[in-house]
Every structure is written in C-alpha cells, then in structure tokens.
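Student: Structure of the sequence below:
(chains A and B)
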Number of protein chains: 2
Amino acid sequence: MEPVPAAEITSRVAALKIALAAADIGLALIRQAADLFYYTGTLADGFLAVAAASEPLLLVRRPQSRLMARQPAWPLAFYKDLKEIPALVAAYGLEPGGALGLELDVIPALLYQRLAQIFPHHPIRDLSPLIRRQRMVKSAYEIGQLRRAAAILDQAFEMAPELLKTGVTELEVAAALEYRLRLLGHQGLIRLRNRDLEMFYGHVLSGTSGLQAAYTDTPSGGLGFSAAFPQGASLKKLAPGEPISIDLGACLNGYVADMTRMYAIKSLPPRAWEAFKVVEELHRIFADQARPGVMPGDLYRRLMKEVRSQGLEEFFMGYGPDRVSFLAHGVGLELDEFPLLTARFPYPLEADMVLAFEPKFFLPDIGMIGLEDTGRITPAGVEWLTLSPRQITVV
Amino acid sequence: MEPVPAAEITSRVAALKIALAAADIGLALIRQAADLFYYTGTLADGFLAVAAASEPLLLVRRPQSRLMARQPAWPLAFYKDLKEIPALVAAYGLEPGGALGLELDVIPALLYQRLAQIFPHHPIRDLSPLIRRQRMVKSAYEIGQLRRAAAILDQAFEMAPELLKTGVTELEVAAALEYRLRLLGHQGLIRLRNRDLEMFYGHVLSGTSGLQAAYTDTPSGGLGFSAAFPQGASLKKLAPGEPISIDLGACLNGYVADMTRMYAIKSLPPRAWEAFKVVEELHRIFADQARPGVMPGDLYRRLMKEVRSQGLEEFFMGYGPDRVSFLAHGVGLELDEFPLLTARFPYPLEADMVLAFEPKFFLPDIGMIGLEDTGRITPAGVEWLTLSPRQITVV
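Tutor: Numbers count the residues shown, from 1 in each chain, chains lettered A, B, ... in the order given. Below you'll find the model as predicted:
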C-alpha cells in the first residue's frame, strides 16, 4: 500500500485553512470519503476538524485499532456519539458565532439536522464549494497518480479488439475488461460526488444501445440488463456494421482516469465516419484551446459553433430532451469533479486541472459516436494522459 | 430485461399510502434509487409523489425519452427546476399544514434545504422509517428474486476451490470470482442505504488480513491495496495453514444475496476449527429460533450467551474497540436493510423477512473464522436461500 506523501497532506490542509479564514468559517467538519482522504491520506468513520488557527484533529468513531496502528497525519480523538464532538473540538479554534462548515451537497439531511442541534449557536455554511475549488487543481503527485490510472486504462483497452466478435454480448465484453482492469490494479470503487449518480466501471454499448439516455447525468447511458440498474452493458449481441463504444474508468490509489474508444466489426455507415471526423476536430480544438485563463463558457461556445457548422447540433451530447450540459468534467478522487466544461461554469481554466473531454454524437438508428480522453491543462494546451490510439478500430 | 410485475408495484404503493395516512404525512416525495425502484419499477432523476388519497405522480427531470417510451406504472410529469414541483403536485393531497415526507437519511442536506424553501408552509418529516419498515417484509416475487441472486452466488462459489493456491493473491481470487458473477448476471452495482458505507463486490481475505477492521460498519474489513479504499482483497498471497474467507454479494434484478464461506490450503490451527464449531452452533440456533414474533434483542442475547459459554466473546464480531453491533442484517434492494439483529432493534421478526446472518470470530494471529448465509424467516424457522456446502473446504 502506497501512502499519500506527508508533505502533500500538509500543504492541502494549509491551503484549506486559508480558504476557511477567507470565508469566515470558524470550523470545518469534513466527513465525505473523498474529501477525508484528500486531507488525511486515510479513511475513517469520522470527521476531520479543521480551523484556520489550529492543527487539524481527526475525530474517529471507527476503526480505532487500525488508525492507532498506522499513525495518520493528524492527532486523533475517538468518539462514540456525535454529542461528544463539541467538547473534543472546543480547543480547536471554533469561535462563538463563527460559522460551522459542512459538506452540504453530500452529507445526509439527518446528519445535518443532528449537527445543527449539537452546534446550536453557529450558523452552518456549505464547505463543498471551497473543497471542490481547491481539489480541481492537481499537484504533481496527483497528476502522477492520474497518469498511472490512465496507463492501466490504456493497457486494458489493448485487449478490446480481440474481444469483439459477432454474437458476443456487451456484458461479456464489459466483464472481460473489468476483470483485466482489476488485475492491473483498479481499486474497483469509483467515487461520485453527486449522490444521484450511479455507475459500475462504465459502459460497453453497441448499435442503438448507445442511444439510450441514462437516468444519471452522463451522455451515453445504455440499456443495462436489470430493470433495477438500467444502464451500462446489456445482453445485446455485437453485430457487424454497428458502432461499439467502450467507456471505462480506472481508479488507482483513489484517482480516476476516464476514456472512451470506438470499434466496429467489419464496417460502419458513412454517417458514423463523418460524425467521427467532427469528434476528432473537436478534440483538436479542445487540445489546442483549453489553456490557463480560458473561460470554460468561451471554449464551450467555440466547440458548439464547430458542431453547428457541421449541422450536427441536434445529435450532440444526447438526443431530444435528454442532453447533458457538459462537454468535459474534472476527474481526480471523484469522477465528477470541477471544472465542468459548460456554458456557465464560473471559474477560468488553470494549469494542472485534469478533465475528461467527451464529445459524443447520437445518430438515430446507428448509435453513439464519440471519443473521450483524460487530459491535463498546460500553458501550451492539453497534455493527454490517456494515450490509446484514437482511430475507430475495425475488426 | 424483466420488468417488475405491475401488481407488485400497485400493492407496494397501496401499503405506503396507508402508512402515510397513519403518520399524517400529506405528501411523500421519494427520490432515492432503491426506494424509487421499489415503488415504480423504474429509475429516473426525479421523485415519486405519493399522497394517501390520490394516484402517485412520477416527476422526472431525465431521461424523458426513455420513460415515455416504456410507460411506467404511474402518470408522468416532467420538470426542469425543483421550483416547478409544488405546482405539479398541487392536486396531489398536500394540505396546508400537512407534513412533507422526505427520505432524510439519504437525501443531501442541500436538497433538503431547497425543498424546505420550496415548501415553506409544510413541516418536513422523515419518510425513511416508514419505507424501511415496509420493505423489510418481502413479497413472494421479491423472495423469488433473492433466491435467484443466492443461486448465482452458489454457482460462483463452486469455482472457489480451484482458485486457491499458495502464492496467488487475494486480489487474483477476488477478480476471478467477480468476473464469474458478472457473467452469471450480477448487475454489478450493489446499493447501500447508509451513505458512509462503501464496498465493491465483497471481500476475499486470508490469514491476518481477516482481522483488519473496516472503516465502514461491517465486521471483517480487509486491507485492500489502495490507501484510498483500504478494504477488501489485498495483494497478500495465499499461504497454507491460514483461514481464507470469501464474502461476496450478488445482485440480480436489484436484489442482493450475501454469503461467506471458509477455505484453507492444507490445514488450519486447532483454534480455528474450534471457533468454526461455535459458528456452526450459532447458525443452528439462528435457523431454529429466528421465527415470526421473536424480538431480535432476545435472539441476539441467546446467541451471545452461546458465545460467552464458549469463552469467545472477546473475539466475536470484531476485536478490541471495533466491534459491530449486529449479527445479521436485512437484505433486499439494499445490502443494509431492516431488520437488524442487534440488542435493541425495535420490531419483532416477521415471516418473509430476509436476513444475512454472519457470526464471525477474530482470532489473533490466525484470522477470521465465520459463515454467512441469506435466509428467509418462516413460522418453522429459517429457510436458507444460499445453499453452498457449509464446511471449511481444505484444498
């Protein structure tokens, strides 16, 4: 097990303290798994208490034995009941009247209500925008982890062509790639911040499966094979002449890379090839123009202009009423990080943001045609971390 | 894709309406995936609006095309913004002063705050206890699904002995079983109600890996191989003389069955065999005494008395400060359903509750020794759904 470097954790908390002071948050109680891991390098059923003027305190309900044995980055305090927390953090700088910061987008309403009762004299503020903004710019260590996650994706996709045969089901292809990813070190679990999102590895879709809109906020959804989880690979068999898309995430030491590649058995209709040329052009524009200082909305409009100039806007990023609003999403410890490449995302691009760019066309009666790569913003444009050959592979 | 029978959904909503009327909840807005699927047979980014006196209304943000094509059980209304919801549900029975029911244990604090603003004149009540109580007793259809999920678990476990060889890693065994389960129809995603729980398929643990307490509320945790997800299979190699435990869930049409079996290469220490005899005796007691009308606390105390009589209480359900409080958990659309077999769970057992019973001992320097089966409560005791041979398999 590779620990997160201590200097990494120290500098993350130092940056958070500055943000807390600027936002007049007297005490942050960080609970959610990805956030807790980011600021501690470990996981626990508990909270990290952070105040601008003191050393953080890791409040743990369990597992006590394991955390004591491993010496995490911050001092520990154990509790059994939430009511013990105010006394435990009393020495940690929470000013009377200072705001209590909680991750309001992810903690359940019931926990929020209980903490509000336990801290009755403190206004509660949403901590998540601060944390998400901080986490959207990656350190060299984090980019290294994302590069490794991208590398195992590239390795797994190498075996895709040999799996694609007429009559094989989408599920059989998905299961074989999932198995390969696990043996390459995929930790399995991929974290999503949005509590309404659900996924499992990703999607292997063929033909009109690729047109099925998901109930979660992702452009291509798929049919799935269970009414209880109607997305992803189905029991549909692969057939010649259909676009086959493989969209998978790989997670290594917590960091997710995301990639989509296109395949076909024997042939594809001309409209699919034409749409793919536009996809490639959109990737070129993004790689060139996604640079520090650029507003996501401006780049979004530039890309949409290209789509419109090809007359394909009706088929882009979904179909009919079920379009998604983003062309790229940040990746890191979660698959749905900041920044988002949307018309209105409020912060400019910065160096060392990492995004998965996924322009996708939904062609009626044909299927989904797209391409997704994970890339890092640099002053010279995007450095791609996923490096698999981009062309449509015809087997 | 097999749909949920229409009569099933109708009767579930009818029972919920009675519970809402008894609890004076004027309108329920159901959002969480497992609950939404239970009452609609489908999934959407949206809410099911249920009031005692009206037909339910399925409020959908997306995917609109897909839901319109499939005709779900209830009338549909589409919205883009939460603010449209009060007008859409105006005819649905919410009286001024009547309570609005929300799943407060699972919806995020931010959504709760927004809905409280949108419905300013209505007190908000927690809907989840009603839903969880209803869902803990399974219909014949649901038991059929759980039986099928248990059957694919049994099938997958048949291949376990051939995987267990000295020098093979826990991860290699886990990955092969995961692959097998997928091909047998495991939908992949297993839902957990508790937002702090995280898991991926389950655990393959060997030797002292089995003693590692999890950060989530489960007796055996494992080391994992990523600091970001420190649970489950690790890169530790299997060795002769160590207990090997395989604890996996399989999910079919939404329903999860859960099972743990023990293995060893060549031999096990005498203390492991002795502890396993106690595990078997606990299973016999549970199978005989878990009957309708029994209070979980009484059965819990009977089982704990047996553990104490064997002098093993110190090693039961965890070690040191990190014990879990339950000996069995309900399973269904979620892995952590009601009822819980704890000292204080407030509702008596009923026929057609389905539980995973998992007595586990943590023997220092040896590892974890336990057994888990999914079973249905009947007037004659427990009918097990997982049927794999129970003995420790020595290869």
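
Student: CA atoms for contacts and neighbours, from now on please.
Tutor: Noted.

Student: Dihedrals phi and psi, the nearest residue to residue A:159 once chain neighbours are set aside?
Tutor: Among residues not flanking residue A:159 along the chain, residue A:177 sits closest, at 7.8 Å (C-alpha to C-alpha, 6 or more residues apart in numbering or on different chains). Dihedral pair for residue A:177: phi -70, psi -40, per degrees, to the nearest 10.

Student: Check the contact between residue A:177 and residue A:156; I expect there is one.
Tutor: Yes - look at residue A:177 against residue A:156 with C-alpha atoms under 8 Å: they come within range, at 6.4 Å.

Student: residues near the residue nearest to residue A:111 when sequence neighbours are not counted, how many?
Tutor: Using C-alpha to C-alpha, 6+ apart and skipping residues adjacent in sequence, the residue nearest residue A:111 is residue B:105, 7.6 Å away. Residues contacting residue B:105 under the criterion other C-alpha atoms under 10 Å in any protein chain shown number 21.

Student: Tell me who's in contact with residue B:105.
Tutor: A:108-111, B:126, B:128, B:194 (C-alpha atoms under 8 Å, 6 or more residues apart in numbering or on different chains).

Student: Just the ones of the residues you listed in helices?
Tutor: Judged by DSSP state H, helices contain the following of the contacts of residue B:105: A:109-111, B:128.

Student: Alongside chain B, which residues does the stretch 1-150 of chain A contribute?
Tutor: A:1-4, A:32-34, A:37, A:41-45, A:62-66, A:104-112 (C-alpha under 8 Å from any C-alpha of the partner chain).

Student: buried subset of those residues?
Tutor: A:4, A:32-34, A:37, A:41-45, A:62-64, A:66, A:104-112 (16 or more other C-alpha atoms under 10 Å in any protein chain shown).

Student: got the residue ranges for the strands in the stretch 51-200 of chain A?
Tutor: Along the stretch 51-200 of chain A, counting by DSSP state E, counting those that start in this stretch, strands occupy A:57-62, A:76-78, A:99-102, A:124-126.

Student: Select the helix or strand of chain A having the lowest average pLDDT value.
Tutor: helix A:64-70 (a mean of 76; mean pLDDT, DSSP states H and E).

Student: So among the contacts of residue B:105, where is pLDDT lowest?
Tutor: The member of these with the lowest pLDDT is residue B:194, at 92.

Student: show me what contacts it?
Tutor: Here residue B:194 is in contact with B:105-106, B:336 (criterion: C-alpha under 8 Å, 6+ apart).

Student: Also residue A:208?
Tutor: Listed by C-alpha under 8 Å, 6+ apart, the contact set of residue A:208 reads A:364-368.

Student: for residue A:303, helix, strand, or coil?
Tutor: Following DSSP: H, G, I helix; E, B strand; the rest coil, residue A:303 is assigned to helix.

Student: My read is that it contacts residue A:285, right?
Tutor: Yes - using C-alpha under 8 Å, residue A:303 makes contact with residue A:285 at a distance of 7.3 Å.

Student: so does stretch A:333-348 get close to chain B?
Tutor: No - judged by C-alpha under 8 Å from any C-alpha, stretch A:333-348 stays clear of chain B, getting no closer than 8.6 Å.

Student: gap between the two ends of that stretch?
Tutor: Criterion C-alpha to C-alpha, to the nearest Å; first-to-last residue distance in stretch A:333-348 is 21 Å.

Student: and what of stretch A:20-35?
Tutor: End-to-end distance for stretch A:20-35: 15 Å, by C-alpha to C-alpha.

Student: Just give me how far that stretch sits from the chain centre.
Tutor: Put simply, stretch A:20-35 sits 21 Å off its chain's centre (C-alpha atoms, centre = their mean, to the nearest Å).

Student: picking up where we left off before, check the ones in helices among the contacts of residue B:105 and tell me the two furthest apart.
Tutor: Set against one another by C-alpha to C-alpha, the ones in helices among the contacts of residue B:105 have their most distant pair in A:111 and B:128, with a gap of 13.8 Å.

Student: got a list of what the residue nearest to residue A:357 when sequence neighbours are not counted touches?
Tutor: Leaving aside its sequence neighbours, residue A:357 sits nearest to residue A:328 (C-alpha to C-alpha, 6+ apart; 4.1 Å). Contact analysis of residue A:328 by C-alpha under 8 Å, 6+ apart lists A:340-342, A:355-359.

Student: rerun that using 6 Å as the cut-off
Tutor: Listed by C-alpha atoms under 6 Å, 6 or more residues apart in numbering or on different chains, the contact partners of residue A:328 are A:340-341, A:356-358.

Student: beta partners of residue A:255?
Tutor: Beta-bridge partners for residue A:255, by DSSP bridges, are residue A:252.

Student: Outline the domain layout of chain A.
Tutor: Segmentation of chain A into domains, based on automatic domain parsing, reads A:6-135, A:140-394.

Student: Would you mind finding the most buried of those?
Tutor: Among the domains of chain A, domain A:140-394 has the highest mean neighbour count (mean count of other C-alpha atoms under 10 Å in any protein chain shown), at a mean of 21.
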